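Enquirer: got a predicted structure here, sequence first:
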Amino acid sequence: MNRFHAHLHVIDLAANIRFYSQLFGAEPTVVKPDYAKWMLDDPRVNFAISNPHDGKVPGVAHLGIQAETADDLAAIGDRLKAADAVALAETGTTCCYAQSDKYWAEDPQGLLLQHSFMEKNTPPPVNMLVMGPYSADAFFARRHYSKFDAVLAMYHDQGLIPFKSLASGEGVNYTAGIAGIRTSPDHGTAFDIAGKNKADAGSFLTAIYECIDIINRRNGYFENRSNPLKKITSVLLANVADEKIEEGN
């Protein structure tokens, strides 16, 4: 059975996640730094929200139908072609943290419509080179970690003890996979020296600066990718007439 799809642009993602989770009585199925999605069965809808980019304003981003199968999407595409409404056809495109085939169209009012078939078992490529495992003592002592973008420790002390030793009081804790950006110092609360002018604020300040840097990097990433060139397909070119050049006398 096909599923209705609605996508809204919102300013405060966290506030809207709380609001729609309360409205639907369910937490989002997917949460990313700039995006959240509910796959609901009652009503049967794919409801998504995201932060607007490239000058877009809050409101309805697009509506459409999520097809259950590739054949269902082909049938929707045939009906759109009969209505001369197909603006763009995409195959295997990655959008909204999923890979899918799509038909983009507009209704008579100019409202953008997206009809898609999501490849549920085909996640988008992540292009990661993963190596290991390594012996923790030699790995950190010999600075092998400097050759990698990230290190995954199997348990707390395996990673945190060498991290705090190497960070020299300027380490930052970062929580991934949530809607907001969370950073914190790499040490405890130190209530025993609170108010005695003994605490070192270095890690606290570093956590604040790192949070600002993450925000700026994300904004730059989204801005650089907010308006990519659309993929040109045979569907788009089917009815395009060749340019005629007339030579003058």
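Expert: Received, thanks. Numbering: from 1, shown residues only.
Enquirer: next, the closest residue to residue 91 other than its chain neighbours: secondary structure please.
Expert: Nearest residue to residue 91 in three dimensions, chain neighbours excluded: residue 101, at 5.2 Å (C-beta to C-beta, 6 or more residues apart in numbering). For glycine as for every other residue, the C-beta is placed from the backbone atoms N, C-alpha and C. At residue 101 the chain is in strand, as set by DSSP: H, G, I helix; E, B strand; the rest coil.
Enquirer: just list whatever residues bridge to residue 101.
Expert: residue 117 (DSSP bridges).
Enquirer: contacting residues around it?
Expert: Residue 101 is in contact with 70, 73, 90-93, 116-117, 119, counting by C-beta atoms under 8 Å, 6 or more residues apart in numbering.
Enquirer: and it, how far is that from residue 76?
Expert: Counting by C-beta to C-beta, to the nearest Å, the separation of residue 101 from residue 76 is 11 Å.
Enquirer: over to residue 177?
Expert: Separation of residue 177 from residue 76 (C-beta to C-beta) stands at 33 Å.
Enquirer: more crowded one of the two?
Expert: The residue with more neighbours, out of residue 177 and residue 76, is residue 76; 21 against 7, by other C-beta atoms under 10 Å.
Enquirer: which secondary structure element contains the more buried one?
Expert: helix 70-82 (DSSP states H and E).
Enquirer: dump the contacts of residue 101 to CSV, plus distance to residue 26.
Expert: Putting those into CSV (distance: C-beta to C-beta, whole Å) gives the following:
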residue, distance to residue 26
70, 28
73, 26
90, 29
91, 32
92, 30
93, 27
116, 22
117, 24
119, 24
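Enquirer: could you flag which of those residues are buried?
Expert: Buried members of the contacts of residue 101, scored by 16 or more other C-beta atoms under 10 Å, are 73, 90, 93, 116-117.
Enquirer: which stretches of the protein have low pLDDT?
Expert: Counting by pLDDT under 70, the chain has low-confidence residues at 54-55, 87, 118-126, 179, 226-245, 247-249.
Enquirer: ok, for residue 58, nearest residue in space, not its chain neighbours?
Expert: Closest residue in space to residue 58, ignoring its immediate chain neighbours: residue 9 at 5.1 Å, by C-beta to C-beta, 6+ apart.
Enquirer: give me the number of neighbouring residues for the one you found.
Expert: Residues within reach of residue 9, counting by other C-beta under 10 Å, total 16.
Enquirer: how much space separates it from residue 50?
Expert: From residue 9 to residue 50 the distance is 6 Å (C-beta to C-beta).
Enquirer: show me the common contact partners of those two, please.
Expert: What both residue 9 and residue 50 touch, as defined by C-beta under 8 Å, 6+ apart, is the set residue 61.
Enquirer: what's in contact with stretch 130-146?
Expert: Against stretch 130-146 from outside (C-beta under 8 Å, 6+ apart): 148, 151-154, 158-159, 162, 166.
Enquirer: where is the longest helix in this structure?
Expert: For the chain, the longest helix by residue count, based on DSSP state H, is helix 202-224.
Enquirer: output it as PDB, nothing but the C-alphas.
Expert: Extracted in PDB, the C-alpha atoms of helix 202-224 (Å, rounded to 0.1, in the frame of the first residue of the first chain):
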ATOM      1  CA  GLY A 202      40.200  25.400  29.700                       C
ATOM      2  CA  SER A 203      38.200  22.300  28.800                       C
ATOM      3  CA  PHE A 204      34.900  24.300  29.400                       C
ATOM      4  CA  LEU A 205      36.000  27.100  27.000                       C
ATOM      5  CA  THR A 206      37.300  24.500  24.500                       C
ATOM      6  CA  ALA A 207      33.900  22.800  24.500                       C
ATOM      7  CA  ILE A 208      32.100  26.100  23.800                       C
ATOM      8  CA  TYR A 209      34.500  27.000  20.900                       C
ATOM      9  CA  GLU A 210      34.200  23.500  19.500                       C
ATOM     10  CA  CYS A 211      30.400  23.800  19.500                       C
ATOM     11  CA  ILE A 212      30.600  27.100  17.600                       C
ATOM     12  CA  ASP A 213      33.100  25.500  15.100                       C
ATOM     13  CA  ILE A 214      30.700  22.500  14.500                       C
ATOM     14  CA  ILE A 215      27.800  24.900  13.800                       C
ATOM     15  CA  ASN A 216      29.900  26.900  11.300                       C
ATOM     16  CA  ARG A 217      31.100  23.700   9.600                       C
ATOM     17  CA  ARG A 218      27.600  22.300   9.300                       C
ATOM     18  CA  ASN A 219      26.300  25.600   7.900                       C
ATOM     19  CA  GLY A 220      29.100  25.700   5.400                       C
ATOM     20  CA  TYR A 221      28.400  22.000   4.400                       C
ATOM     21  CA  PHE A 222      24.700  22.600   3.800                       C
ATOM     22  CA  GLU A 223      25.300  25.900   2.000                       C
ATOM     23  CA  ASN A 224      27.800  24.300  -0.400                       C
END
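Enquirer: this completes my enquiry, with thanks.
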